[in-house]
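Participant: how would this look folded up:
(chains A and B)
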Amino acid sequence: VTEPANVLVVDDDAVNRTLLSHILRQEGHSVLLAVSGSEAMEVLEAEPVDLVLLDIRMPGLDGLAVCRRIREDPRTQMLPVVMVTAEGPQEKLTALEAGADDFVLKPFDRAELCARVRSLLRIKRFHDTINAQSVELAAQATELAAWNASLERRVAAQVAELEGLGRLRRFLSAPVADLVVDSGGEQLLEPHRRHLAVVFADLRGFTAFSETAEPEELIDVLRDFHNALGSVLSRAQATVGYFAGDGVMAFFNDPLPCPDPEARAVGSALAIREAMAAPVERWRSHNLGLGLGIGVAAGYATLAMVGFEGRFDYTALGTVVNTASRLCAAAAPGQILANGRVVAALAGRVETESVGEVELRGLHRPVPVHQIVAASDELMFAMRGGETSGAGR
Amino acid sequence: MTDPDDSRSAASRTSPAREAVDALLETCGEAAIVATLIDTFLAEGPLLVARAARAVQGGDAPEARIAAHTLKSHGMTFGAPELARVAAELERLARDGALGGAARGLVGELAAEYERARDALHELREELAGRR
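Facilitator: Numbers count the residues shown, from 1 in each chain, chains lettered A, B, ... in the order given. As a prediction, the model looks like this:
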């Protein structure tokens, strides 16, 4: 069974047109008729044609010329053309050279004509299928390219987010940085005021030491100090507000609120002192003239990004920061000094000794200052990363 | 119906014209279509002969060639081998541009052969009409 097709019959002879169109219609095809070569070209321009039956000998534009034009036009390059002639086999070569796909002789043998038409239509359908598939493939490629572009945009957005995270990690411990990103990003870093507990830790005698020490010694000292600070502050989920070679300022309760910030601050101070005990002992035995001083204060501060394009830091500003800084400066090597608010918040959980009212530089009146001696196991538990042994003495 | 015993009739049982019409009947499967084909031949034939004659006289070789070509084709289709032969000869002369005395002689033969073919097909055409 042949699938119906649109067949164009081109013949100047009415007898042949009638005969061919009758046979083709009986085969189930739709037949278009043209009485001349030029009319055939018009039909091809206007109608979808699946196959052409083309008489060779016609006045004006003959079948050979029509066939050449069909082959020259990219739209009809693959259109099957069957040449029809009464001339016999000698014209076959001319027809094939003009681009005909096949050849039938007049008078027609119906079975042969139908077989040739069927076979060419099968090839045409195969070709059309391949064409349709390549069009589909091209469409899929376009779609894929669009997906890729959208994927690239999403990756770019994620990279930007990661860069933001990378920036946050510079002054936030990793878990806090993740939390900040997860809980809405950097709007948490907009300027605001909050109650903080602030820790300052600083190497005593570092300036004098650095003037005389060998670079290797200097590096070793800083490495010990930084290792201790890094592990303790990260575990305590501190925000690092300021970091210099020989000193650090960290605070608690911002940008993400945490329970019991004073406990974390004091716990961190004790843990740093504990972690530094061995290096400090080594420095003393080498007479390096180095020691560790720590100040802890609680109070309200303003928090904001400060700095300039390309180098913004998130930090705390205010009296509580100055107080912690001055307490740190006032602390003797190995000493942890705290203000009254810290001690009040930790009543019963820390062992303290009053140092009395101390005049701190930059503050217009003396403040009561306490020395932290030790803290309860419970308070120190988190600071040691889950170890239960010993108080922070 | 013609007398089947008239052996001189071009449409007798064994004539080439009858064989051609039988072949067309087999090809088309419908007598009505074959009748239409014969009608077309009968209508166009005199016009084609006249076109050929006019073209030979006027020295229009392409026109003479096409008219002769179509008559040749009709001769082959409708079982008129002499019509086909004479038309083919004229077509060949016209292709070579030789529209002289030989071509003129062929025009006369062409008219005569067409008339013989016409008579035969006329009878067969009436037979077909009778079959319906």
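
Participant: switch to C-alpha atoms for all contacts and neighbour counts from now on
Facilitator: Fine.

Participant: Are we agreed that A:Ile372 is in a helix?
Facilitator: No: according to DSSP: H, G, I helix; E, B strand; the rest coil, A:Ile372 belongs to no helix; its state is strand.

Participant: Confirm for me that it is in contact with A:Glu351.
Facilitator: Yes: assessed by Cα atoms under 8 Å, A:Ile372 is found in contact with A:Glu351 at 6.3 Å.

Participant: okay, the two: which has more neighbours?
Facilitator: Counted by other Cα atoms under 10 Å in any protein chain shown, A:Ile372 and A:Glu351 do not tie: A:Ile372 has more neighbours, with 25 against 16.

Participant: Please determine how far the residue lying closest to that one once chain neighbours are set aside is located from A:Val373.
Facilitator: Nearest residue to A:Ile372, sequence neighbours excluded (Cα to Cα, 6 or more residues apart in numbering or on different chains): A:Thr352, at 4.6 Å. For A:Thr352, the distance to A:Val373 equals 5 Å [Cα to Cα, to the nearest Å].

Participant: Does whichever helix in chain B runs longest pack against any helices or strands, and if so which?
Facilitator: Ranked by number of residues, the top helix in chain B under DSSP state H is helix B:101-131. With contacts taken as 3 or more Cα pairs under 8 Å, 6 or more residues apart in numbering or on different chains; DSSP states H and E, helix B:101-131 sits against helix B:16-28, helix B:31-58, helix B:81-95.

Participant: please redo it, this time with the cut-off set to 7 Å
Facilitator: Judged by 3 or more Cα pairs under 7 Å, 6 or more residues apart in numbering or on different chains; DSSP states H and E, helix B:101-131 is in contact with helix B:31-58, helix B:81-95.

Participant: List the buried residues of it.
Facilitator: Neighbour counts over helix B:101-131 (16 or more other Cα atoms under 10 Å in any protein chain shown) mark B:103-104, B:106-107, B:109-111, B:113-125, B:128 as buried.

Participant: again with stretch A:52-68
Facilitator: A:52-59, A:61-68.

Participant: Report the mean confidence score over the helix or strand in which A:Asn227 is found.
Facilitator: A:Asn227 is located in helix A:215-235, with elements delineated by DSSP states H and E. If you average the pLDDT over helix A:215-235, you get 88.

Participant: where's that helix relative to the chain centroid, distance-wise?
Facilitator: 34 Å (Cα atoms, centre = their mean, to the nearest Å).

Participant: Can you spell out which helices and strands pack onto that helix?
Facilitator: helix A:261-285.

Participant: by how many degrees do the helix it packs on and helix A:215-235 diverge?
Facilitator: Put simply, helix A:261-285 runs at 160 degrees to helix A:215-235, going by axes from the mean of the first three to the mean of the last three Cα atoms, to 10 degrees.

Participant: Contacts for helix A:261-285 next, please.
Facilitator: Identification of contacts with helix A:261-285 by Cα atoms under 7 Å, 6 or more residues apart in numbering or on different chains yields A:196-199, A:224-225, A:228-229, A:232-233, A:236, A:252-253, A:290-291, A:294, A:296, A:298, A:334, A:342, A:345-346, A:379-380, A:383, A:392.

Participant: re the thing from before, on contacts alone, who are the packing partners of the next helix or strand after the helix holding A:Asn227?
Facilitator: Downstream of helix A:215-235, the next assigned helix or strand under DSSP H and E is strand A:239-244. Strand A:239-244 sits against helix A:110-171, strand A:247-252, strand A:311-317, with contacts defined as 3+ Cα pairs under 7 Å, 6+ apart.

Participant: so which of those gets nearest chain B?
Facilitator: helix A:110-171 (5.7 Å; Cα to the nearest Cα).

Participant: My guess is the residue nearest to A:Ile372 contacts A:Val369. True?
Facilitator: No: using Cα atoms under 7 Å, A:Thr352 is not in contact with A:Val369; the gap is 10.0 Å.

Participant: Those two: which has the busier surroundings?
Facilitator: A:Val369 (23 against 18).

Participant: State the phi and psi torsions of the most centrally placed residue in chain B.
Facilitator: The centroid of chain B falls nearest to B:Gly75 when counting by Cα atoms, centre = their mean (4.1 Å). Dihedral pair for B:Gly75: phi -60, psi -40, per degrees, to the nearest 10.

Participant: what sits against A:Leu53?
Facilitator: Counting by Cα under 7 Å, 6+ apart, A:Leu53 has contacts A:Leu8, A:Val9, A:Val10, A:Val81, A:Val82, A:Met83, A:Val84.

Participant: Contact partners for the closest residue in space to B:Ala98 that isn't next to it in sequence?
Facilitator: Closest residue to B:Ala98 apart from its sequence neighbours, by Cα to Cα, 6+ apart: B:Ala61 at 7.9 Å. Neighbouring residues of B:Ala61 by Cα under 7 Å, 6+ apart: B:Ala55, B:Ala94, B:Arg95, B:Gly97, B:Leu99.

Participant: State the distance from the second one to chain A.
Facilitator: Yep, that's B:Ala94 we're talking about. 13 Å (Cα to the nearest Cα, to the nearest Å).

Participant: B:Arg65 is in contact with that residue, correct?
Facilitator: Yes: look at B:Ala94 against B:Arg65 with Cα under 7 Å: they come within range, at 5.1 Å.

Participant: In the stretch 201-350 of chain A, where is pLDDT below threshold?
Facilitator: A:309-312 (pLDDT under 70).

Participant: quick one: the residue nearest to B:Ala98 from chain A, how far?
Facilitator: Counting by Cα to the nearest Cα, the gap from B:Ala61 to chain A is 11 Å.

Participant: So the residue minimising distance to the centre of chain A versus A:Val355, what's the distance?
Facilitator: By Cα atoms, centre = their mean, chain A has its centre lying nearest to A:Val155, at 2.3 Å. For A:Val155, the distance to A:Val355 equals 57 Å [Cα to Cα].

Participant: Repeat that for A:Leu337.
Facilitator: Taken as Cα to Cα, the span from A:Leu337 to A:Val355 is 9 Å.

Participant: Compare those two (neighbour count), which wins?
Facilitator: A direct count of neighbours by other Cα under 10 Å for A:Leu337 and A:Val355 places A:Leu337 higher, at 32 against 12.

Participant: Spell out which helix or strand contains that one, please.
Facilitator: strand A:336-339.

Participant: No further queries at this time; thank you.
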